[in-house]
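S.K.: everything below, folded, please.
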Amino acid sequence: MSDKKINIAIIGLGFGAEFIPIYQKHPNAHLIAVSQRNASKLNELADAFGIEKRYTSFDELIADPEIDAVHINTPIPDHGAQSIKALKAGKHVACTVPMATTVEECEEIVKLTREKGLTYMMMETVVYAREFLYMKELYENGELGKVQFLKASHQQDMDGWPNYWPGLPPMHYATHCVGPVLALTRGEAEYVSCFGSGTIREELISNYNSPYAVETTHIKFRNSDLSAQVYRSLFDVARQYRESFEVYGSKKSVEWPLIEGNPLVVHTAKKPEPEIPEEVESPDFAKLLPKEIQHFTTKGVYDSDEHQHLSFTQGAGHGGSHPHLVHEFVNALVTGKAPYPNAKQSANMTCVGILAHESAQKGGELVKLPEFTFED
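M.R.: Residues are numbered from 1 along each chain as shown. Model (predicted):
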């Protein structure tokens, strides 16, 4: 392993605080700065983790010449603009999902990475969750056979979350289900068709002029015979939190449990009918990480339950993905290899959701993904 160190700054310290000790312990990272608009909370966290550089201003942080890369964990409406500003300032960017809220912002990010020779990575948790990594291992080992279909969902009750969430179109935050269906085969979405279903409360509709309780999207893969189905709900649907991913192959298929915490179900072809399904506990994949951060696949960064972020209390810790995300980003900067997902792949995943909602508003009309989201 190289002894090169990348100077990192974390922006946004709600969910972002989950990553502080992971960067601090990664052998190739040097977490030198943190940023949050609330000065008292900023100082409280920076004191707790021994971080000297503190910024309440994003613009001042990205002007700091010592910082090589930023990890953005701010509210969704800020992702695109802040990523663009950081890239223009010469910083490599990791950003929590989604990449942006418009196709135009996604295109500008892709353009800047190319022009400035910088790295961008959308920190999509599901494509590094242990369950996904287990299915990816089966796929790469040939145990699934020919992949025939993929399906994913993300259902969550967002009542009580910050003020930009109420009424958000479900597909505008779709990367947790779009990401894995594209990532397994490293596929690209070519076009989408989406239907809205049901109606959310009247007071929620006006925020985004979107009535749908559920949005369901079919994705046609580019240069492939594959398609996938993803569905998403945010409000007024009775469902336990679920980020599911399922793959159907000619030899084996893997289905997500209906209840959080239950085992995966693996179906094996050509067995006697009662023996086809088998419950399997997904192994952990800490072995893929530097030893210094392996323990973060099974525990949060805090030592008491009352301080756990909602991603742990409601979302099961994103399947142990956080240290994998950090390692993918830092390793890309050390080696010069593109991370997954890179800027174009992130744009493809994000634009699926944005354009799917447009499709729903047009009664399911086919909408093509833009050329800039495709690998050359």
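
S.K.: could you use CA atoms for every contact and neighbour count after this?
M.R.: Fine.

S.K.: thought A343 was touching M123?
M.R.: No: judged on CA atoms under 8 Å, A343 makes no contact with M123 at a distance of 11.0 Å.

S.K.: hmm, E143 and S250 touching each other?
M.R.: No: counting by CA under 8 Å, E143 is not a contact partner of S250; they are 9.2 Å apart.

S.K.: can you report phi and psi for the residue of the chain positioned farthest from its centre?
M.R.: In the chain, the residue that sits farthest from the middle, by CA atoms, centre = their mean, is P272; the gap is 38.3 Å. Main-chain dihedrals, P272, degrees, to the nearest 10: phi -60, psi 140.

S.K.: list the buried residues in stretch 25-43.
M.R.: 26-36, 42-43 (16 or more other CA atoms under 10 Å).

S.K.: take these and keep only those in strands.
M.R.: Judged by DSSP state E, the subset of those located in strands is 29-35.

S.K.: list the residues that contact E188.
M.R.: Counting by CA atoms under 8 Å, 6 or more residues apart in numbering, E188 touches 182, 221-222, 345, 348, 374.

S.K.: top of the residues you listed by number of neighbours, please.
M.R.: Within the contacts of E188, neighbour counts (other CA atoms under 10 Å) peak at N348, which reaches 30 neighbours.

S.K.: just give the closest residue to that residue, not the sequence neighbours.
M.R.: Using CA to CA, 6 or more residues apart in numbering and skipping the chain neighbours, the partner closest in space to N348 is T373 (4.8 Å).

S.K.: hang on, that neighbour packs against P341?
M.R.: No: the criterion here is CA under 8 Å, and T373 misses it with P341 at 11.5 Å.

S.K.: about what we covered before: nearest to I205 among the contacts of E188?
M.R.: Nearest to I205, judged by CA to CA, of the contacts of E188 is N348 at 27.0 Å.

S.K.: three-state assignment of the closest one?
M.R.: Secondary structure state of N348, per DSSP: H, G, I helix; E, B strand; the rest coil, is helix.

S.K.: what is the subsequent helix or strand relative to the helix or strand bottoming out on mean pLDDT in the chain?
M.R.: Least confident element among the helices and strands of the chain, by mean pLDDT, DSSP states H and E: helix 310-313 (a mean of 40). Per DSSP states H and E, the first helix or strand lying C-terminal to helix 310-313 is helix 322-335.

S.K.: now that next one: buried residues?
M.R.: Buried residues in helix 322-335 (16+ other CA under 10 Å): 322-334.

S.K.: ok, back up a step: of the contacts of E188, closest to A69?
M.R.: Nearest to A69 among the contacts of E188, with distances taken as CA to CA, is Q345, at 19.4 Å.

S.K.: distance-wise, check the nearest residue to that closest one once chain neighbours are set aside relative to E104.
M.R.: Nearest residue to Q345 in three dimensions, chain neighbours excluded: T373, at 6.5 Å (CA to CA, 6+ apart). Separation of T373 from E104 (CA to CA, to the nearest Å): 11 Å.

S.K.: and the two? Which one has more around it.
M.R.: Of the pair T373 and E104, T373 is the one with more neighbours under other CA under 10 Å, namely 24 against 11.
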